[in-house]
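Asker: Return atomic coordinates for the entry below.
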Amino acid sequence: MFRAQWMFELAPGVSSSGLEPLPCRASSRGPGLKSVDARGKQEIAKEEKAKELFLKAVEEEQNGALYEAIKFYRLAMQLVPDIEFKITYTRSPDGDGVGKRCVEDNKEDDKMADLLTDFQQQLTLQESSVKLCHPEVDVSQTHISALPMEVLMYIFRWVVSSDLDLRSLEQLSLVCRGFYICARDPEIWHQVCLKIWGRSCNKLVPYASWRDMFLERPRVRFDGVYVSKTKYIRQGEQSLDGFYRAWHQVEYYRYLRFFPDGQVMMLTTPEDPQSIVPRLRTKNTRTDAILLGHYRLSQEKDNQTKVFAVIMKKKEEKPVDYHKYRYFRRVPAQETDHSFHVGLQLCSSGRQRFNKLVWIHHSCHITCRSTGETAVTTFDIDKMYTPLFFARVKSFTAYSEKPL
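Answerer: You can find the predicted model right below:
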């Protein structure tokens, strides 16, 4: 009897007294299961919301709205930090908008490369008598398209001028297809390269065209001035009472102007560029302290381009010295010629090309006219020789004096 009662109490759903059945385990865990289900639904809803925000961010990024895309990316990451790895893309990466845009950009680059050929074919197929351009509206005066090709090319050579103003030539090429073809004439660019590098540019290799040689090969620039500013502190004399000694801050500028015909001007002065640069437009300047000379470009084996120049002061005619007394004898002063030898390395800095000159050599040569002896003084290149940086001056190419 006892054993039967004991077995009955051990049966599930029966209490120890046998009077009240125990609640079922499933019923005792019912509220817990409900809370787990609610929590799971919230996580699913949060993940779906994060996916929606992430896809919205991707769409905004493809449309170019980067600020909005970052905002949606941030909201999606706040909901689900690893949402990027939980999204299954329905389209392949090659089929999305970004990939299409990349393909279109490549096609546009290829089209720009063949733009000259395309324009030439269009003009050839238009009419039997080829015209470079056509008036957009009817005009009573003679249009520039009526001029012969030789006259147009002569006008383009005046645009380039003897100052090699290639920037104006490129701006002129934006007018129409015909002007674009004229501005890409190989003969113009070949003559420009000959003026800059001389006989060393007879071979076009490794460049694709003469225009590419002008753009890629290191050269000095002619449409502006290379300027450097030097500043140092110099100790002054002691005061009369001996209580203090003055210190002076010295500032001066160096200006270097190159010309296409191989001539160069150099000026060292404390005056600022606003007052000096207009005087450097032509070689016939009246500035007394200016130095004139010639330069050449030298490309070393290490592919470094250097500029070497020999400059000297302008020669001035001395007035005839008349004396009051007939038998007055004056010991003639020994006449000498001073010249300065300058070596600079051509570099590029920032976005501009060939806009920096670094000092590598500076010496003074004093030659006695009577004996022909030359004394050379070489200066140490220290921090006083600051690099010269190029500054474009629009007035230098404002008008043309001679054609190319």
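Asker: Low-confidence stretches in the stretch 101-250 of the chain?
Answerer: 101-132 (pLDDT under 70).
Asker: Show me where it has its helices.
Answerer: 115-126, 149-160, 166-172, 177-183, 186-197, 210-216 (DSSP state H, counting those that start in this stretch).
Asker: taking those together, which one is wrapped up most tightly?
Answerer: The highest mean neighbour count among the helices of the stretch 101-250 of the chain, using mean count of other CB atoms under 10 Å, belongs to helix 177-183: a mean of 20. (Each C-beta comes from the backbone N, C-alpha and C, glycine too.)
Asker: For that one, name the packing helices and strands.
Answerer: Here helix 177-183 touches helix 115-126, helix 149-160, helix 166-172, going by 3 or more CB pairs under 8 Å, 6 or more residues apart in numbering; DSSP states H and E.
Asker: Run through who's touching the shortest one.
Answerer: Read that as helix 166-172. 156, 159-160, 179, 183, 188, 192, 214, 223, 397 (CB atoms under 8 Å, 6 or more residues apart in numbering).
Asker: now it: how far from the chain's centre is it?
Answerer: 18 Å (CA atoms, centre = their mean, to the nearest Å).
Asker: Relative to residue 267, how far out is the closest residue to residue 273 other than its chain neighbours?
Answerer: Take residue 273 and drop its neighbours on the chain: the residue closest to it by CB to CB, 6 or more residues apart in numbering is residue 227, 6.0 Å away. According to CB to CB, to the nearest Å, residue 227 stands 10 Å off from residue 267.
Asker: Please apply the same query to residue 159.
Answerer: Distance from residue 159 to residue 267, by CB to CB: 29 Å.
Asker: One more: residue 282?
Answerer: Distance from residue 282 to residue 267, by CB to CB: 14 Å.
Asker: And for residue 165?
Answerer: Per CB to CB, residue 165 is found 23 Å from residue 267.
Asker: Stretch 173-192: end-to-end distance?
Answerer: Counting by CA to CA, to the nearest Å, the length from the leading to the trailing residue of stretch 173-192 is 17 Å.
Asker: How far away from the center of its chain is it?
Answerer: Worked out by CA atoms, centre = their mean, stretch 173-192 lies 23 Å from the chain centre.
Asker: pLDDT on the longest helix seen in the chain, on average?
Answerer: In the chain, with assignment by DSSP state H, the single longest helix is helix 30-62. Averaging pLDDT along helix 30-62 yields 79.
Asker: next structured bit after that helix?
Answerer: Once the chain leaves helix 30-62, the next helix or strand it forms, by DSSP states H and E, is helix 66-79.
Asker: by how many degrees do that next one and helix 30-62 diverge?
Answerer: Inter-element angle recorded for helix 66-79 and helix 30-62: 160 degrees (by axes from the mean of the first three to the mean of the last three CA atoms, to 10 degrees).
Asker: Show me what helix 66-79 packs onto, helices and strands only.
Answerer: helix 30-62.
Asker: which other helices and strands contact the helix it packs on?
Answerer: Short answer (3+ CB pairs under 8 Å, 6+ apart): helix 30-62 packs on helix 66-79.
Asker: what's in contact with the helix it packs on?
Answerer: 46-47, 49-51, 53-54, 56-58, 60-61, 83.
Asker: Repeat the analysis, applying 10 Å as the threshold.
Answerer: 45-63, 65, 83-84, 87 (CB atoms under 10 Å, 6 or more residues apart in numbering).
Asker: Out of those residues, which end up buried?
Answerer: By neighbour count, with 16 or more other CB atoms under 10 Å, the contacts of helix 66-79 hold 50-51, 53-58, 60-61, 83 as buried.
Asker: Pick the one among these closest to residue 260.
Answerer: residue 61 (48.9 Å; CB to CB).
Asker: Having no further points to raise, I will conclude here.
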